[in-house]
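K.L.:
This is a predicted model, with the sequence first.
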Amino acid sequence: MPLVNYENWITSNWRDELIQQKQIATNKSDAAEIQNRIDQAVIVSQEDLLESRVQFASYVTVFALEEEEEQSFRIVSEDESLTRPGSLAWSTPLARALLGGKEGQIVTVILENGSNCEYEITHIRTASSY
């Protein structure tokens, strides 16, 4: 299955934060750059999501089989992942492996060093319930 490019996708929450950042920008160049980001963005709101599959902006809980450890996060844009705790950029190997997955499914993540890890998708939510 080909990888969808979510480069211009952002959550509606991130759009709102970008609007605030634009309003307090100290120079016109920064404000214009932020506005350009907003203008080019595909906005994903909670209403756009289904709980049946992992999608961009989904809240996901996974169980790392080897480490026997549970992790929860939201799959978001790269810039949002840098500023929001509990978020995971869509472009990471784990997020790419999870996108399209269903609860109960085990996915294999191939790491940059060639090794792999397996994760079971235990919960998918459209809103934070953690």
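P.N.:
Now that the structure is in, tell me what you want to look at.

K.L.:
Dig out what the spatially most central residue of the chain forms beta bridges with.
P.N.:
Residue closest to the mean C-alpha point of the chain, counted by CA atoms, centre = their mean, is Ile75 at 1.7 Å. Beta bridges link Ile75 to Leu88 when assigned by DSSP bridges.

K.L.:
which ones are touching it?
P.N.:
By CB atoms under 8 Å, 6 or more residues apart in numbering, the contact set of Ile75 is 54-58, 60, 87-90, 95, 98-99. The way it works is simple: take the backbone N, C-alpha and C, and place the C-beta from them, glycine included.

K.L.:
Just the ones of these in helices?
P.N.:
Residues from these lying in helices, with DSSP state H as the criterion: Ala95, Leu98.

K.L.:
could you pull out the helices for the protein?
P.N.:
12-24, 28-40, 78-83, 93-98.

K.L.:
any weak-confidence spans in the protein?
P.N.:
Along the chain, the parts satisfying pLDDT under 70 run over 1-3, 128-130.

K.L.:
80 instead?
P.N.:
1-4, 127-130 (pLDDT under 80).

K.L.:
biggest strand in this protein by residues?
P.N.:
Ranked by residue count under DSSP state E, the longest strand found in the chain is strand 116-125.

K.L.:
how far is that strand from where the chain is centred?
P.N.:
Distance, stretch centre to chain centre, for strand 116-125: 14 Å (CA atoms, centre = their mean, to the nearest Å).

K.L.:
Just the buried residues of that strand, please?
P.N.:
Neighbour-count burial for strand 116-125 flags Cys117, Tyr119, Glu120, Ile121, His123, Ile124, Arg125 (criterion: 16 or more other CB atoms under 10 Å).

K.L.:
now stretch 19-37
P.N.:
Using 16+ other CB under 10 Å as the test for burial, stretch 19-37 gives Lys22, Ile34, Arg37.
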